[in-house]
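Student: Pasted the sequence and its predicted model underneath.
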Amino acid sequence: YNLYTDGLKIYTTIDSRMQKYAEDAVREHIGGYLQPAFFKEKRGKSYAPFSRDLRQGEVDTIFMHAMHQTDRYRAMKKAGASEKEIKAAFNEPVEMRVFSWGGAIDTTMSPLDSIRYHKSFLRTGFMSMDPRTGHVKAYVGGIDYNDFQYDMVNGGRRQIGSTIKPYLYSLAMIEGISPCDEMLHVQQRLTDENGRLWEPRNSNKKRIGEMVSVQWGLQNSDNWVTAWLMSQLSPYTFVRLLHPFGLKNEMDPVVSICLGTPDVSVGEMVSGYTTFANKGIRVEPLYVTRIEDPYGNTIANFNSQMSEVLTEDASYKMLHMLKNVIDGGTGGRIRARYGIKAPMGGKTGTTQNNSDGWFMGFTPSLVSGCWVGGEDRSIHFDRLAEGQGASMALPIYALYMQKVYKDKTLGYSEDETFEIPEKYANPCSEGGEEDSPTTPPDTGGIDKMFE
């Protein structure tokens, strides 16, 4: 079959209304707020749009690589032009049309300046899907298809930062650790298998020197609690669990992986988080349900693929903790700034130097994920206030959910609740697990799950 000429009918899972709300949310936040803030921070800086930590030689290398990827360079190279002639042409002003959030602009600039100009725009990837059916409802691969045709949902992969932490906490729950278990909140010192010392930094300055719970650690995205959990577990076992969560890349089993060093796609992360909304069952994203020929004959059907990742006990403990992230943790802006009252779980994520901002959010019927960052990792906010996931990515999710809830024809309601058996309602409530946090139930651990 020829996709373009044979009259095939391809039925997708995308909801056109939700797709529009997702695109509008991206435009509203990045185009209306975040990009102007980025331009303001970089205005007058000789190193713009890159980080102030980048050396001039590194900037030149980035531009040279970008120049080699252009159609103009390939055409001149094919025509026999020398590198010197090509570089001269790239510094010669020409008439061109460039992207802006207010619409395309006709201007005159050199091709090299146009590369710098377009690199200065922050990029994004956003996906939203039903955790029960796998149907993908909205898919935004970038800020504008005409000018930036790179898919940042499934094509691009970036470091995931603290959004990896729920996977580590899941392993802890499988191995019998309780949300109520406590540790001394001080800097952790871990030694890798090569004998090297690893001492993670922590942006959280709360309760230093006090006893804090595992639950508090996830709620506040605390690196020291996360590192303590890693010291109780095995990085090899952790990597074994990441693959069932849907993370496909090969990952090194090192202790620092617990803070989100792997490169992962938005699509993989959204699929992974369906586990928390779906009682421990992960569902693969489904983009197409069936294909028909011109005569109405079905030539292909597609069904969602599901797999069990977490035990029932572990999944409800994770749901409880991830709800607390929204109800008073790092995802609290969902409530305080955007006024969304629906039961919800989620996780923020920010990578080193603010290169990547993430937010993962879920309700019983929708799991969504958003990444925001520069085309290059060295293009980012210098300040954490604007560069963190709660500032870059969370607002896109919040605006999208506001629009979804406002459209009553979609059938989503803020009154929808998670189905939680009474015994799992609060693992740290009086009379619950906190009575004996040091004697966890025998779950058999992750090895039993993988038998």
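Tutor: Perfect, I can see it now.
Student: Where does pLDDT dip in the chain?
Tutor: Applying pLDDT under 70 to the chain flags the ranges 429-451.
Student: at 90 what do you get?
Tutor: Applying pLDDT under 90 to the chain flags residues 1, 3-4, 44-47, 51-60, 149, 191-196, 202-206, 249, 383, 422-451.
Student: wait, doesn't V288 sit right on I14?
Tutor: No - the criterion here is Cβ atoms under 8 Å, and V288 misses it with I14 at 9.5 Å. Where C-beta positions appear, they are placed from N, C-alpha and C, glycine not excepted.
Student: Which of the two has more residues huddled nearby?
Tutor: I14 (17 against 14; other Cβ atoms under 10 Å).
Student: In this structure F381 contacts G374, no?
Tutor: No - under the criterion of Cβ under 8 Å, F381 makes no contact with G374, lying 9.3 Å away.
Student: higher neighbour count, those two?
Tutor: F381 (24 against 21).
Student: For the lengthiest helix in the chain, name the packing helices and strands.
Tutor: Using DSSP state H to define each element, the chain has its longest helix at helix 312-326. Judged by 3 or more Cβ pairs under 8 Å, 6 or more residues apart in numbering; DSSP states H and E, the packing partners of helix 312-326 are helix 165-174, helix 214-219, helix 266-277, strand 345-350.
Student: Nearest to P131 among the ones you listed would be which one?
Tutor: Closest to P131 of the helices and strands packed on helix 312-326 is helix 266-277 (Cβ to Cβ; 3.8 Å).
Student: Can you list the helices and strands that that closest one packs against?
Tutor: Looks like helix 266-277 contacts strand 123-129, helix 165-174, strand 281-283, helix 312-326, strand 345-350, strand 356-362, strand 367-373 (3+ Cβ pairs under 8 Å, 6+ apart).
Student: So the residue of the chain most remote from its centre versus Y150, what's the distance?
Tutor: In the chain, the residue that sits farthest from the middle, by Cα atoms, centre = their mean, is G80; the gap is 43.2 Å. Remark: distance between G80 and Y150 (Cβ to Cβ, to the nearest Å) = 29 Å.
Student: cool, Y1 as well?
Tutor: In terms of Cβ to Cβ, Y1 sits 27 Å off from Y150.
Student: What residues of the longest helix of the chain count as buried?
Tutor: Within helix 312-326, the residues that count as buried by 16 or more other Cβ atoms under 10 Å are 313-326.
Student: How is the residue farthest from the centre of the chain assigned, secondary-structure-wise?
Tutor: State at G80, reduced to three classes by DSSP: H, G, I helix; E, B strand; the rest coil: coil.
Student: distance of G361 from M129?
Tutor: Counting by Cβ to Cβ - G361 and M129 are separated by 12 Å.
Student: any common contacting residues for these two?
Tutor: Both G361 and M129 are contacted by V367, S368, under the criterion Cβ atoms under 8 Å, 6 or more residues apart in numbering.
Student: My read is that R383 contacts E41, right?
Tutor: Yes - counting by Cβ under 8 Å, E41 is a contact partner of R383 at 7.1 Å.
Student: Name the residue in those two with the higher neighbour count.
Tutor: Taking neighbours as other Cβ under 10 Å, R383 and E41 compare with E41 leading, 17 against 12.
Student: then the one helix or strand the more buried one maps to to PDB, C-alphas only?
Tutor: Following DSSP states H and E, one finds E41 within helix 35-42. In PDB, the C-alpha atoms belonging to helix 35-42 read as follows (Å, rounded to 0.1, in the frame of the first residue of the first chain):
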ATOM      1  CA  GLN A  35      10.100  32.800  25.800                       C
ATOM      2  CA  PRO A  36       9.900  36.500  26.600                       C
ATOM      3  CA  ALA A  37      11.400  35.800  30.000                       C
ATOM      4  CA  PHE A  38      14.300  33.900  28.300                       C
ATOM      5  CA  PHE A  39      14.900  36.700  25.800                       C
ATOM      6  CA  LYS A  40      14.900  39.200  28.700                       C
ATOM      7  CA  GLU A  41      17.500  37.100  30.700                       C
ATOM      8  CA  LYS A  42      19.800  36.800  27.600                       C
END
